[in-house]
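Student: Task: produce atomic coordinates for the following.
(2 chains)
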Amino acid sequence: MKKYVKVLSLVLAALLVFACLAACSNGGSTTPANTGETKPADSGSTAEPETAQPENSGGAAEAETTKPADAGFTTANAGKLTMATNAAFPPYEYIEGNKIVGIDAEICAAIAEKLGLEPQIDDMEFDSIIMAVKGGKADIGLAGMTVTPERQEEVNFTDSYATGVQVIIVTEDSAITSADDLFAEGANYTIGVQRNTTGDLYTTWDLEDEGLATIDRYSKGADAVQALKTGKVDCVVIDNEPAKNFVAEVEGLKILDTEYVEEQYAGAMSKDNEALYNAVNDALKELIADGTVQAIIEKYIPAK
Amino acid sequence: MGRLSPLELWPEVAPEWILNLPQWLEDIFYKFYKCIIFDDRYTLYFTGLRNTLILTFLALLLGIALGVVVALIRVTWDKNGAEMRGVPKVVVGFLNSVSKLYLTVIRGTPVVVQLLILYFVIFAASRNKILVGALSFGINSGAYVAEIIRSGIMSIDSGQMEAGRSLGFGYVATMRHIILPQAFKNVLPTLANEFIVLLKETAVAGYVSLQDVTYAGNIIGGNAYDYLFPLLIAAAIYLILVLFFTFLVGKLERRLRNSER
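Tutor: Got it, this is the predicted structure:
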């Protein structure tokens, strides 16, 4: 027995040393000092919805003068703008044939073109995207990602280029007829979500923590929908645009609206690469101002 | 959102002396707080540990049961098949073919694929993830256990069987009282190895959103945007489980060896 205590303490000691090393190597400090700079961006993006975008043209014009942006920033892969995404989120990004296409993919290509870079897409799990951006493995995370305060502590968000809202998908004969049913006293539905998306976060905070539901977290939205189809979960909470796609593709499902706030989608970028952040964000501002982004969105989401 | 982030809470919850530490040391404490204490995240590890243990235990039982049965069928056919006649020959021969098919398919395909097939196709309507998971890992483990036990039985000299039979034991009784106990002792280290592999293999259960230890580490890492502590803790939990298990098997092995003197 003594031997095992010895072994255990050795193991724990090794872990501690490892932890220290890893923490040292991680240059960017995460503690309070840098909250200040992220806050204004937050209030800005929530206070002024879509209508604010044309006003940005002033900033865009200014950016135009400094345009030949070939110098001054470095990217994860030389000459390339690497985008991290989870290509299971139609119409923002999905796989067609063997290519990743969608709104985010085209926006990335447009930004890359402006910066004189070649676009490159890395497909990964949704919850790995922020880590990839933080660690410098990718330049920008574009994945229909909502700006949230917790994420802002980890990465810089670009200007918002689209909005979304969480909705509920149920089967057509479901007992759930509105969002209120999920919040009703004594409710205990099983809810499918995509891991680490805002649908996951909201339902976890509002329902699971209150003991009102069980959350099944899948790595892809489509898996959650599959689980709904076969009756493993009672409903799926996910962003409205992918939801429309899933419902269109899978028979016997319908969408219920929720009262969750409108979410701002933005690109996630490293806090340690200010130069690239400025270049990309300026390019994005221009693309928003001249209507390119709007055109791309309308191409995938036809106006009602 | 009326919810405070860990960064906003940190100055309130952290003791004075931690805040006075150098930045990099404070960062470690902050990460620790974010990944374990904030939002009661540590409870996820406990859920994960419980699920991993239940899953492994059920899979272990199923694996051993399946393994022993399949091994006995294969051995009986290989050693006695040629002398069998009539109905027994047909029955054992058929069972032997089924066993061979089982071994080929299960050992020839990855456990993740088997799990996904079982969860999303065969038991599509089942909500009991742990049971489906245990079934999947048990069926998988059974194939390996079968071959391990078969190797143990084959390693026993055929004189043992002859001796048993000549003393008036039946085939089944000889197997049970003479062959299997010796075989079991021989294969124990390999069997223990298989169980350790099984325990670690359950880490892929997260594919079907089963909340095991790995899944807990993944979820917390994703929510906290920091994988350092979540993954280290997950690794440490597995390591401790394996150490404990190795300790138990070592004890059993020593006990079995006592009979040698």
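
Student: and the residue nearest in space to the middle of chain B, what element?
Tutor: In chain B, the centroid-proximal residue (Cα atoms, centre = their mean) is residue B:198; its distance is 2.7 Å. Using DSSP states H and E, residue B:198 sits in helix B:180-201.

Student: one step back: who touches the residue nearest to the centre of chain B in this structure?
Tutor: Contact analysis of residue B:198 by Cβ atoms under 8 Å, 6 or more residues apart in numbering or on different chains lists B:56, B:59-60, B:63, B:137, B:141. For every residue, glycine as well, the C-beta is placed using N, CA and C.

Student: any idea how far chain A is from residue B:35?
Tutor: In this view, residue B:35 and chain A are 11 Å apart by Cβ to the nearest Cβ, to the nearest Å.

Student: Phi, psi for the closest residue in space to that residue that isn't next to it in sequence please.
Tutor: Nearest non-adjacent residue to residue B:35, counting by Cβ to Cβ, 6 or more residues apart in numbering or on different chains: residue B:229, 4.1 Å away. When read as degrees, to the nearest 10, the backbone of residue B:229 gives phi -70, psi -40.

Student: Equivalent analysis for residue A:166, please.
Tutor: Note on residue A:166: backbone dihedrals following degrees, to the nearest 10 are phi -80, psi 140.

Student: Number of residues surrounding it?
Tutor: Residue A:166 has 25 neighbours, counted by other Cβ atoms under 10 Å in any protein chain shown.

Student: Same question for residue B:190.
Tutor: By other Cβ under 10 Å, 16 other residues sit near residue B:190.

Student: Could you check how far it is from chain A?
Tutor: Residue B:190 is 23 Å from chain A, where distance means Cβ to the nearest Cβ.

Student: Report the contact partners of residue A:73.
Tutor: Here residue A:73 is in contact with A:273, A:275-276, A:278-279 (criterion: Cβ under 8 Å, 6+ apart).

Student: So for the residue nearest to residue B:35, what's the pLDDT?
Tutor: Note on residue B:229: pLDDT of 91.

Student: With residue A:80 instead?
Tutor: 93.

Student: thinking again about what came up before, out of the contacts of residue A:73, which end up buried?
Tutor: Among these, those that count as buried by neighbour count (16 or more other Cβ atoms under 10 Å in any protein chain shown) are A:273, A:276, A:278-279.

Student: Including pLDDT, could the residues you listed go into JSON lines?
Tutor: Below are these laid out as JSON lines (pLDDT from 0 to 100):
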{"residue": "A:273", "pLDDT": "92"}
{"residue": "A:276", "pLDDT": "94"}
{"residue": "A:278", "pLDDT": "94"}
{"residue": "A:279", "pLDDT": "95"}
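
Student: between those residues, which is nearest chain B?
Tutor: Proximity of those to chain B (Cβ to the nearest Cβ) peaks at residue A:273, which lies at 16.8 Å.

Student: For that closest one, which residues are in contact?
Tutor: Listed by Cβ under 8 Å, 6+ apart, the contact partners of residue A:273 are A:73-74, A:136, A:139.

Student: separation between it and residue A:279?
Tutor: Taken as Cβ to Cβ, to the nearest Å, the spacing of residue A:273 relative to residue A:279 amounts to 10 Å.

Student: Over to residue B:172?
Tutor: Going from residue B:172 to residue A:279 by Cβ to Cβ gives 79 Å.
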